[in-house]
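Colleague: Sequence and computational prediction follow.
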Amino acid sequence: MAQGASLFRLLNLVTAILIILGGILLFVHIGSWNSGILGVFIVVFGLLTFALEFAIPESIVYNMGFMFSLLGRGLCNMGLLTLSWSWFNILIGCLIMAIGLFYVAMHFVGATPSPSMSAVPNTPTNNLNP
């Protein structure tokens, strides 16, 4: 079970690095304002994904709850957004999408995610918005 959790943690870190790299490449090869803004958005999302492996702020758990399940991370992956006409971006996008499909499959198999993907802070439920 510990090996499975460390595998998911490693995949989370690899995915975050690929997302950041794909966003930087989109930003560097600015063909329009759209690709520049999209590149910045993808880099920020990748940095957030990377940071969640080390520290989990309580506000993120409640505002971005999809990041704490295999199905949520699998369905909301940035693979499609990192695709562009560059062969390297296509490779990165396909790798990110493959990891996302793996997460979705593991959700339905009932795999145990890493601790960073199953974080639940010790907060009273009366602080949650209905």
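Modeller: That came in fine, so what should we check first?

Colleague: element containing the spatially most central residue of the chain, please.
Modeller: The centroid of the chain falls nearest to residue 49 when counting by CA atoms, centre = their mean (4.9 Å). Taking DSSP states H and E as the criterion, residue 49 maps to helix 33-51.

Colleague: For residue 72, give its distance to residue 24.
Modeller: Distance of residue 72 to residue 24, given as CB to CB, to the nearest Å: 24 Å. Glycine gets a C-beta too; all of them are placed from N, C-alpha and C.

Colleague: looking at the protein, which helix or strand is least sure?
Modeller: Every helix and strand of the chain was ranked by mean pLDDT, DSSP states H and E. The lowest is helix 58-63, at a mean of 76.

Colleague: from the chain's centre, how far out does it sit?
Modeller: 15 Å (CA atoms, centre = their mean, to the nearest Å).

Colleague: Show me what the helix or strand following that helix is packed up against.
Modeller: Next helix or strand after helix 58-63 toward the C-terminus (DSSP H and E): helix 70-75. Here helix 70-75 touches helix 87-109, going by 3 or more CB pairs under 8 Å, 6 or more residues apart in numbering; DSSP states H and E.

Colleague: Can I get the helix it packs on in PDB, CA atoms only?
Modeller: Output of helix 87-109 as PDB, limited to C-alpha atoms (Å, rounded to 0.1, in the frame of the first residue of the first chain):
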ATOM      1  CA  TRP A  87       6.100  18.400 -31.400                       C
ATOM      2  CA  PHE A  88       7.300  18.700 -27.900                       C
ATOM      3  CA  ASN A  89       4.000  20.200 -26.700                       C
ATOM      4  CA  ILE A  90       2.200  17.300 -28.400                       C
ATOM      5  CA  LEU A  91       4.400  14.800 -26.600                       C
ATOM      6  CA  ILE A  92       3.900  16.600 -23.200                       C
ATOM      7  CA  GLY A  93       0.100  16.900 -23.700                       C
ATOM      8  CA  CYS A  94      -0.200  13.200 -24.600                       C
ATOM      9  CA  LEU A  95       1.900  12.100 -21.600                       C
ATOM     10  CA  ILE A  96      -0.300  14.300 -19.300                       C
ATOM     11  CA  MET A  97      -3.500  12.900 -20.800                       C
ATOM     12  CA  ALA A  98      -2.200   9.300 -20.400                       C
ATOM     13  CA  ILE A  99      -1.500  10.000 -16.700                       C
ATOM     14  CA  GLY A 100      -5.000  11.500 -16.400                       C
ATOM     15  CA  LEU A 101      -6.600   8.400 -18.000                       C
ATOM     16  CA  PHE A 102      -4.500   6.200 -15.600                       C
ATOM     17  CA  TYR A 103      -5.900   8.200 -12.600                       C
ATOM     18  CA  VAL A 104      -9.500   7.700 -13.900                       C
ATOM     19  CA  ALA A 105      -8.900   4.000 -14.300                       C
ATOM     20  CA  MET A 106      -7.400   3.700 -10.800                       C
ATOM     21  CA  HIS A 107     -10.400   5.600  -9.400                       C
ATOM     22  CA  PHE A 108     -12.700   2.900 -10.700                       C
ATOM     23  CA  VAL A 109     -10.400   0.100  -9.600                       C
END
